[in-house]
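Visitor: build the 3D model from these lines:
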Amino acid sequence: MKALKSLLYLGLILFFVAVFSAEARAEASATEITKLVGGENFVVAGIAPAGSEVLIYLDGNFVGQAETEIISNQAEINFNFQYKGDKLADGTHAIMAVAKDKTSLVLSAPSNEVKFTVNFLPAPTLIWPDEKTITAKIKPLIVGLTKSGSLVKIFIDGVYNGKTGILKHESDTANFAYEPFLNLSRGWHEVYIIAEDSAGRISQASEIMRFNIELPMPAPTMLAPVVNSNTSANRPFIIGLAKNDSKIKIYIDKKYNGEFEVKNHPSGTANFAYKPAKPLTRGNHLVYAVAIDKRGKQSDWSNIVYFLTKDSVIAESAQEEKADTVAKIEESKEAPMINYGAPIISESSGVIEKELDESEAVKKLSQQDEAGLEKIKNLIGDNTAEKEKNSQGMINEGKLNQGKLRLSLALFILFLVGVVAWLLWVNRELIKERQAQNETDDKVEKDKNNPTAGGQENRLL
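Guide: You can find the predicted model right below:
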């Protein structure tokens, strides 16, 4: 009996030892996930104990068995698995692997859990600015690409700064340019972006880019425009000072007008004079400039200079026509050479029989001069007549305009008088109506207060 009990105890001990050793082996031989490529058809890879099968679980559910590859002279095997099941929902998913011994069918402990996100809205692409960007703007443009039909949220230095509207393009990829709503400080900054579509799906963050906002280049100094003999009043010289090796951009009335490079000066500060590309219209104007260095860094606006242009474009064209007319007159002043002719000599005696009279030559010259002067007078006379005609036309037109203005003023005054008279008449009628209403009310009130007196009066009558 004692021997039987001893054998029973020994069997129980061996059974528990076997169970505990199996559990120990299972714990020691767990699989390990070393690689995961997330997405709709995710791929997972790792290592497992030799002589085992690898089972893959997605969100706690078995989805398939991995393929294994034996590694020579090692106690481990490689495994890989690609998901080809149903379409995954948007959101975060968890994957893990379990090894099963082919002989004992003992399962190992689960591997480390690896999470990944499935989202059909791709992350946007940030293009500019980056570390190579040279800028001094405290509100630099942030440029990038995103999927059409989505908006972009911008984060600067880890803080939400703003967002774009819904961006669309027929190519299915839209571009954007965003300007920060607050000024950024000088120095280094980080920026990243996130896309969101109309369904509320949010993409992963883009790549983080770093950029530096440098100190600005010195702005040009603008001086008052100058008009001299080399230009006209409607194309004045825009003058100023700027740093050497600068490219200057000129803006007139807040519109780009032209650009040029300054001529360096030994002092380090160059002066410049710019002539507008086209004549300016009559009236007030403003001008300012910005400077750009060789690296492309742009300065702030210069000081703004206001100036007045009195002459119009028509005046300049008239001056050019006048100059052409004067040039033609000057050319006509040159008198042709006069041929006095040769004297007549007798063939028999060799004596000069007839010599051209000098007074006759002078007379011919005078006649030619008078003819030329007459042409000039006619030309001047015609121009004078034309000018008088134009002046007379302008005077008549001015008188006509004044007459129209007086007539309009008279009609307006009559209209005002009519309106005032109508208002007075309406007011008087309202007063009359009010008085009549008051009298009627008083009479009714009086009748109510003295009903007996009213009856007596009726009886007496």
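Visitor: and residue 162, backbone torsions?
Guide: The phi and psi torsions at residue 162 (degrees, to the nearest 10) take the values phi 160, psi -180.
Visitor: and it, what does it touch?
Guide: 153-154, 178, 180-181 (CB atoms under 8 Å, 6 or more residues apart in numbering). Every C-beta, even on glycine, is put in place using the N, C-alpha and C of the backbone.
Visitor: now do residue 58
Guide: For residue 58, the contacting residues are 83, 85, 93-95, by CB under 8 Å, 6+ apart.
Visitor: do you know how far it is from residue 39?
Guide: Residue 58 sits 13 Å away from residue 39, taking CB to CB, to the nearest Å as the criterion.
Visitor: any shared contact partners between these two?
Guide: Joint contacts of residue 58 and residue 39 (CB under 8 Å, 6+ apart) do not exist.
Visitor: what about the contacts of residue 162, which are in strands?
Guide: Counted as lying in strands by DSSP state E, out of these, are 153-154, 178.
Visitor: so where's the stretch 251-400 of the chain shaky on pLDDT?
Guide: Residues of the stretch 251-400 of the chain meeting the criterion pLDDT under 70: 311-400.
Visitor: let's go with 90 and repeat that
Guide: For the stretch 251-400 of the chain, the stretches flagged by pLDDT under 90 are 277, 294-298, 300, 309-400.
Visitor: same check on the stretch 1-150 of the chain?
Guide: Within the stretch 1-150 of the chain, the segments meeting pLDDT under 90 span 1-43, 47-53, 67-78, 80, 82, 84-93, 100-113, 115-122, 130-137.
Visitor: all helices of it, in order?
Guide: Under the criterion DSSP state H, counting those that start in this stretch, the stretch 1-150 of the chain contains helices at 2-28.
Visitor: just to revisit the earlier point, restricted to buried residues, select the contacts of residue 162 in ChimeraX.
Guide: Buried residues among the contacts of residue 162 (16 or more other CB atoms under 10 Å), as a ChimeraX selection:
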select :153,154,178,180
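Visitor: closest to residue 422 among the contacts of residue 162?
Guide: residue 181 (55.4 Å; CB to CB).
Visitor: and the closest one, how far from residue 159?
Guide: Going from residue 181 to residue 159 by CB to CB gives 12 Å.
Visitor: how about residue 113?
Guide: Residue 113 sits 32 Å away from residue 159, taking CB to CB as the criterion.
Visitor: surely residue 228 is in contact with residue 235?
Guide: No. With contact defined as CB atoms under 8 Å, residue 228 does not count as touching residue 235 (11.3 Å).
Visitor: higher neighbour count, those two?
Guide: residue 235 (20 against 8; other CB atoms under 10 Å).
Visitor: how near is that one to residue 212?
Guide: 41 Å.
Visitor: same check on residue 220?
Guide: Distance from residue 220 to residue 212, counting by CB to CB: 24 Å.
Visitor: just want to know which of these two has more residues nearby.
Guide: Set side by side, residue 220 and residue 212 show more neighbours around residue 220, with 26 against 16, by other CB under 10 Å.
Visitor: what sits against that one?
Guide: Residues near residue 220 by CB under 8 Å, 6+ apart: 240-242, 246, 248, 289-291, 299, 302.
Visitor: not counting sequence-adjacent ones, nearest residue to residue 293?
Guide: Distances taken as CB to CB, 6 or more residues apart in numbering place residue 217 nearest to residue 293, at 5.2 Å, with adjacent residues excluded.
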